[in-house]
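Engineer: got a sequence here, can you build the structure:
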Amino acid sequence: MAAKLTARQQQILDLIASEIRRTGFPPTRAEIARALGFKSANAAEDHLKALARKGAIEMTAGASRGIRLIQAESTDGDAQRPAPNLAPSHLSQIMVPLVGRVAAGSPILAAEHIESEIGIEPALFQQVPDYLLRVKGYSMRDAGILDGDLLAVKKSPDARNGQIVVARIGDEVTVKRFSKSGGRIELLPENDDFQPIIVAPADDFSLEGIAVGLIRTTALH
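Structural biologist: Now for the predicted structure:
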């Protein structure tokens, strides 16, 4: 049981829970500061450290979104599940396919792409994933998604702004943050070394699914 929170700490905890519900991932320090009117991200960091000391969250060093909820409920009474950045437990496991490199033009769940099946604990995720995708590269580094991580994905042809998605453009499959304004779709990286992808009307574009969590590969060994 976490220690009693101040009003401001509860506000931050509710913001974290809201962002996890909305996008599948917690906010960055800068996003917390902007949403709550702090002068700097350092102020948000101080509050997060206080929440960690009180047992409401856990923080992962070096990841801008490395925040995991511990507290079971927010002030609106909705149960909050922790962000899945740990290895799955052995209880109540289900088996989901692990997808590796996706060949050009073929379905993401084609047999040749499935490296293995992995047992996961469904309660770790906000939605039960349909598959795990092995992440390639560092375009989503600042979202805490690193090369080799396993992204838990729920199949869906649609996404809301701000959600992290698996998208296909032509023969390429990519993990990015979804943004749509009017008829314009952009796929946004979380790394300043990469440029946004603007989806042209003529592009062969489809959504392969929405990210619902993450498994660190180092936790699987």
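Engineer: I'd like the next helix or strand past the helix or strand bottoming out on mean pLDDT in the chain.
Structural biologist: Lowest mean confidence among the helices and strands of the chain (mean pLDDT, DSSP states H and E): strand 67-69, at a mean of 80. With elements assigned by DSSP states H and E, the helix or strand that comes after strand 67-69 is strand 94-99.
Engineer: centroid-nearest residue for the protein?
Structural biologist: Nearest residue to the geometric centre of the chain (Cα atoms, centre = their mean): residue 25, 3.9 Å.
Engineer: could you pull out the strands for the protein?
Structural biologist: Secondary structure of the chain (DSSP state E): strands located at 57-59, 67-69, 94-99, 114-120, 131-134, 150-154, 164-169, 172-181, 184-188, 197-199, 205-215.
Engineer: using JSON lines, lay out those strands together with mean neighbour count and distance to residue 46.
Structural biologist: From N, CA and C alone the C-beta is placed, and that goes for glycine too. Below are the strands of the chain laid out as JSON lines (neighbours: other Cβ atoms under 10 Å; distance: least, Cβ to Cβ, whole Å):
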{"stretch": "strand 57-59", "mean neighbour count": "19", "distance to residue 46": "12"}
{"stretch": "strand 67-69", "mean neighbour count": "22", "distance to residue 46": "14"}
{"stretch": "strand 94-99", "mean neighbour count": "17", "distance to residue 46": "38"}
{"stretch": "strand 114-120", "mean neighbour count": "15", "distance to residue 46": "34"}
{"stretch": "strand 131-134", "mean neighbour count": "22", "distance to residue 46": "35"}
{"stretch": "strand 150-154", "mean neighbour count": "24", "distance to residue 46": "31"}
{"stretch": "strand 164-169", "mean neighbour count": "21", "distance to residue 46": "27"}
{"stretch": "strand 172-181", "mean neighbour count": "17", "distance to residue 46": "27"}
{"stretch": "strand 184-188", "mean neighbour count": "16", "distance to residue 46": "28"}
{"stretch": "strand 197-199", "mean neighbour count": "16", "distance to residue 46": "36"}
{"stretch": "strand 205-215", "mean neighbour count": "21", "distance to residue 46": "26"}
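Engineer: mind checking how far residue 188 is from residue 143?
Structural biologist: As judged by Cβ to Cβ, to the nearest Å, residue 188 and residue 143 stand 10 Å apart.
Engineer: where do the contact lists of those two overlap?
Structural biologist: Each of residue 177 lies in contact with both residue 188 and residue 143 under the rule Cβ atoms under 8 Å, 6 or more residues apart in numbering.
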